[in-house]
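Sequence first, then the predicted structure:
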Amino acid sequence: MISKLRLVILFGFISFLSYSQTEKNEEVEIDEAKEIVIDNAVKREPIDALAPSKAAFYSAVLPGLGQAYNKKYWKIPIVYAAIGTGIYFYIDNNNEYKRYRNAYKRRLAGFTDDEFYPSVSNDALIRAQKTLRRNKEISLLVTIGIYALNIIDANVDAHLLQFNVDENLAVKPHFKMNEMDASTNVGLTLGFKF
């Protein structure tokens with residue numbers, strides 16, 4: 001009995017869906033008054049399937065150019081600030097590494113006139129070189145990662161620009177007063193307009 005009821009509901013639902021679907025801009029004739037009604041279709045620009053790959057390519061060639069291609073100009077200073085910060089820390093760690101390395105080389109050559117001589121031992125110079133080399137490599141990896149994120153951001157943003165966000169598809173919060181017990185109902189409404 002239950003399986004027959006499910007089967008009837010399934011066929012009813014399928015017939016309802018097939019009846020309710022019509023193509024946009026299709027002329028619908030009404031037999032009684034012989035009127036022609038044309039649905040108001042939303043005119044959309046055609047989707048450029050190559051836009052995400054173009055944006056990623058532009059960002060790979062010059063960081064921030066993909067964001068400009070997507071017309072997200074506010075992201076360009078963020079990209080350059082992030083990449084510039086990574087480059088700054090790489091250069092700073094590299095310069096400090098060279099200072100400690102040169103001082104250690106002079107001590108191995110027998111000189112005692114380096115800037116760290118009385119206060120820093122040879123073991124401390126070796127530890128400082130290892131730490132600064134590690135920091136230099138980490139800052140290089142972070143800079144490369146930020147560069148890759150720039151490319152990924154341009155690609156994903158170009159994909160999301162093609163996403164349909166018109167008024168026919170909306171998620172809106174609603175706030176209703178229940179008249180029976182004077183309580184409030186809060187929730188989200190998902191609306192489809194065909």
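Looks like it came in fine. On a predicted model such as this, the values are computed, not experimentally measured, just so you know.

Against residue 145, how distant is the residue nearest to the spatial centre of the chain?
The centre of the chain sits closest to residue 153, judged by Cα atoms, centre = their mean, with a distance of 4.8 Å. Distance, residue 153 to residue 145, by Cβ to Cβ, to the nearest Å: 12 Å. Quick note: C-beta positions are derived from backbone N, CA and C, even for glycine.

rewinding a little: who's in contact with the residue nearest to the centre of the chain?
59, 66-67, 75, 79 (Cβ atoms under 8 Å, 6 or more residues apart in numbering).

What does the pLDDT read for it?
Predicted confidence (pLDDT) for residue 153: 95.

my guess is it is in a helix, correct?
Yes. Counting by DSSP: H, G, I helix; E, B strand; the rest coil, residue 153 falls inside a helix.

Strands of this structure, residue ranges please.
All strands of the chain, identified by DSSP state E, fall at 27-29, 36-38, 169-178, 183-192.

Residue ranges in the chain under the pLDDT threshold?
Residues of the chain meeting the criterion pLDDT under 70: 1-45, 164-171, 190-194.

go again using 90 as the cut-off
Along the chain, the model assigns pLDDT under 90 to residues 1-51, 111-120, 160-194.

where exactly do the helices run in it?
Counting by DSSP state H, the chain has helices at residues 2-20, 51-61, 65-69, 76-108, 122-161.

Using CSV, write out every CA atom in the second one.
Yep, that's helix 51-61 we're talking about. Provided in CSV are the C-alpha atoms of helix 51-61 (Å, rounded to 0.1, in the frame of the first residue of the first chain):
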residue,chain,number,x,y,z
ALA,A,51,38.0,34.6,-18.4
PRO,A,52,39.4,32.6,-15.4
SER,A,53,42.4,31.4,-17.4
LYS,A,54,43.1,34.9,-18.7
ALA,A,55,42.9,36.3,-15.2
ALA,A,56,45.3,33.7,-13.9
PHE,A,57,47.7,34.2,-16.8
TYR,A,58,47.7,38.0,-16.3
SER,A,59,48.4,37.6,-12.6
ALA,A,60,51.2,35.2,-13.3
VAL,A,61,52.8,37.7,-15.7
